[in-house]
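K.L.:
would you be able to build a 3D model of this:
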Amino acid sequence: MLRLFAVLSTAVFLSCSTEGSSGTDAGSGGFHDELKFGSSFTGFNLVGEGTSFSMAATSSNIAFRFESAAEFGDRFLRLHVYNSGGAPYGDDDYVPGQANAHILLSTFRITHPGSYEVRAYLVPPGGGSEAHVITAPIQITN
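P.N.:
Numbering: from 1, shown residues only. Below is the predicted model:
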């Protein structure tokens, strides 16, 4: 319960209307599937965006910005983190503040240096079948 509260209290959500757009073409103002990392965020913008981060500079906290072409609806975001050998490193769930949200900013922790893969999924209530959205690599150094 405390972990869920911490995740909810640190997440920032953006809800945008898709009226008049296809929802998939960023060039026409729509949304697209994207996962980016940064050292922190201000408002709805990542700060220090990249794919390689120092544990010392980030205190092991990695900010992320997830965008989905589809609205969250009643689903939540699940991040699976895997190390370079393909072994699971960790999982975190993030519940959007609004059903019509497309963008979510929050943080997760990686406390060991190495190469990782972060896989983003949208998951229906009750933890049903996960729908893979996007995968992104990340490198953590000392």
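K.L.:
count of neighbours near Gly43?
P.N.:
Number of residues near Gly43 (other C-beta atoms under 10 Å) recorded here: 7. Using the backbone N, CA and C atoms, a C-beta is placed for each residue, glycine as well.
K.L.:
revised request: answer the last question for Ile138.
P.N.:
Count around Ile138 with other C-beta under 10 Å applied: 20.
K.L.:
what are the phi and psi values for it?
P.N.:
phi -150, psi 140 (degrees, to the nearest 10).
K.L.:
could you check how far the residue nearest to the spatial centre of the chain is from Val47?
P.N.:
Nearest to the mean C-alpha position of the chain, counting by C-alpha atoms, centre = their mean, stands Phe66 at 4.1 Å. Going from Phe66 to Val47 by C-beta to C-beta, to the nearest Å gives 16 Å.
K.L.:
over to Arg65?
P.N.:
Distance, Arg65 to Val47, using C-beta to C-beta: 11 Å.
K.L.:
wait, doesn't Ser60 sit right on Thr111?
P.N.:
Yes - using C-beta atoms under 8 Å, Ser60 is in contact with Thr111, at 4.7 Å.
K.L.:
more neighbours, those two?
P.N.:
Ser60 (16 against 11).
K.L.:
how about the contacts made by that one?
P.N.:
Taking C-beta atoms under 8 Å, 6 or more residues apart in numbering as the criterion, Ser60 is in contact with 109-111, 140.
K.L.:
so what's the residue nearest to the residue nearest to the centre of the chain when sequence neighbours are not counted bridging to?
P.N.:
Closest residue in space to Phe66, ignoring its immediate chain neighbours: Leu104 at 4.9 Å, by C-beta to C-beta, 6 or more residues apart in numbering. For Leu104, the beta-bridge partners are Phe13, Phe66 (DSSP bridges).
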